[in-house]
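> Have a look at this prediction, sequence included:
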Amino acid sequence: MSPFTRVARRRAAALLGALTAAAATLTVTAPAATADDMRSREWYLDAMKADQMWKVATGKGITVAVIDTGVDSTLPELRGKVLPGRNFDTGGAGRVDDEDTDRHGTNMALTIAGSGADGGVKGIAPDATILPVKTGANWNFDWTATHKGIKYAVDNGARVINVSRGGPALKEYTAEWRKTVDYALKKGALVFAGSGNDRSGSPSYPASIPGVVAVGAVDTKGSVATFSNYGPHLALAAPGVEIPGRCTKDKTKFCAGEGTSQATAIASGSAALIWSAHPDWTANQVLRVMMETAGHNGPVPSKYIGYGTVRPAQVLLEGKGDPGDPNVNPLLAAQGVGAGATPATPKTTPKTSPSPENTGAGDEGQVADRAAAPDEGGFPLWVIVAGAVAVVAVIGFVVLAGVRRRASTDA
């Protein structure tokens, strides 16, 4: 991709099963960077205290399924950590651990579990195992393939299901989506999905299906990203701006990306970290502590960041969060869904804005505690970091529909 070019995607509409939808990603290209520069660009790892967390847990023993465009396991950062997987885009035939021309699934895998080898991208859970499940090209969200892919993933040992994609929430597909999600939950898995990048409250599948952990995005300041979709179904938020990955057409180069896709990958990786430290916990317990320790500034839940921005360091370094009942899904309980479970709504009281002392550079609060929702202070300007030292202010408010969107060309 050429420097400073951005790909924004529009939600796709479809009828009678012929659905086309955009992946929950906007791709921003940064100047071509040398590989040894990547770790310094992963600002969110520093803000989330990743180096300290990795002394406690690294995601080892946890398989994360990437339901996406495939994963290129030939990259140095992914060698030895990607399972063969399955290609449901071709009816379930063929491996997908070495193919991904769109690079979307590959970048999600890097964000989750990249090793940082050869100076490349390091994931939030660098020792997690990736199970690639191909369900279509970047701009073609095949629902049938996705249903099959999710079921395949949980049947093959994936404890975390990452769906950084989405499609329109059409009523005729609701029942099938619920069956798929219920199957995954009964198998003891967590399903994370991106809320979308339209800066709208329009629901999408699978993010808006009860039981799915719908993830929104926050920017480098910890504020809600201007593109992040919102709604009452939103469960958590995570960093989703200036996330390094491989360029689409030239995988030897690095491009910065943004979107709820990246935020979902970071949330999934955070779950893998916590689970690897507490392998005896159930999915319900992992999710509960994530919800309880999420950072926020206002009322909870918020339609913009749900229960807050993920803060796995609170669990791993501070020992915070009560895992609670292993058999009660806290998200379903809070939504009033399930077999009469008592709602386990975490942190229901408003929290005051953090003081300057706990929002300094490198502090986890820099991301998590400053996730102010638009109705709690407005959308702030966000910044894109260009190169190693220059910081360029790129965009402010975007007004309604009809906004110019630029397609990118890879470097």
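Noted; the coordinates are in hand.
> Which residue ranges of the stretch 251-400 of the chain form strands?
Using DSSP state E, counting those that start in this stretch, the strands of the stretch 251-400 of the chain run over 254-258, 382-386, 390-395.
> What about N297, how many residues nearby?
24 (other CB atoms under 10 Å). (Glycine included, C-beta is placed from N, CA and C.)
> Now do the contacts for the residue most central in space within the chain.
By CA atoms, centre = their mean, the chain has its centre lying nearest to T264, at 0.9 Å. By CB atoms under 8 Å, 6 or more residues apart in numbering, T264 lies in contact with 24, 108, 162-164, 192-194, 215, 238.
> show me where the stretch 201-350 of the chain has helices.
Taking DSSP state H, counting those that start in this stretch to define them, one finds helices in the stretch 201-350 of the chain at 260-277, 283-293, 312-316, 330-334.
> any idea of the angle the longest one forms with strand 254-258?
If you take axes from the mean of the first three to the mean of the last three CA atoms, to 10 degrees, helix 260-277 sits at 90 degrees to strand 254-258.
> okay, and for the stretch 51-200 of the chain, where does confidence drop off?
Residue ranges of the stretch 51-200 of the chain with pLDDT under 70: 91-99, 138-139.
> can you give me the strands in it?
63-68, 86-87, 129-134, 160-163, 167-168, 190-194.
> Please identify the most buried of the ones you listed.
Most buried of these by mean neighbour count (mean count of other CB atoms under 10 Å) is strand 160-163; its value is a mean of 31.
> Run me through the strand neighbours of it, direction for each.
strand 63-68 (parallel), strand 190-194 (parallel) (DSSP bridges).
> could the strands of the stretch 51-200 of the chain go into a markdown table alongside distance to L273?
Formatted as a markdown table, these follow (distance: least, CB to CB, whole Å):
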| stretch | distance to L273 |
| --- | --- |
| strand 63-68 | 11 |
| strand 86-87 | 26 |
| strand 129-134 | 13 |
| strand 160-163 | 10 |
| strand 167-168 | 29 |
| strand 190-194 | 13 |
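> quick revisit: okay, the strands paired with strand 160-163 in CSV with distance to L45 next?
What follows is those, written out as CSV (distance: least, CB to CB, whole Å):
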stretch, distance to L45
strand 63-68, 17
strand 190-194, 18
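> So which of those is nearest P76?
Checking these against P76 by CB to CB gives strand 63-68 as the closest, at 17.9 Å.
> how much does that closest one deviate in direction from strand 129-134?
20 degrees.
> quick one: contacts of strand 63-68?
Against strand 63-68 from outside (CB under 8 Å, 6+ apart): 23, 83, 104-105, 108-109, 112-113, 125, 128-135, 146, 149-150, 153-154, 156-165, 268-269, 272.
> rerun that using 7 Å as the cut-off
104-105, 108-109, 112-113, 128-133, 135, 146, 149-150, 153, 157-165, 268, 272 (CB atoms under 7 Å, 6 or more residues apart in numbering).
> what bridges to K134?
When assigned by DSSP bridges, K134 has beta-bridge partners D68, N87.
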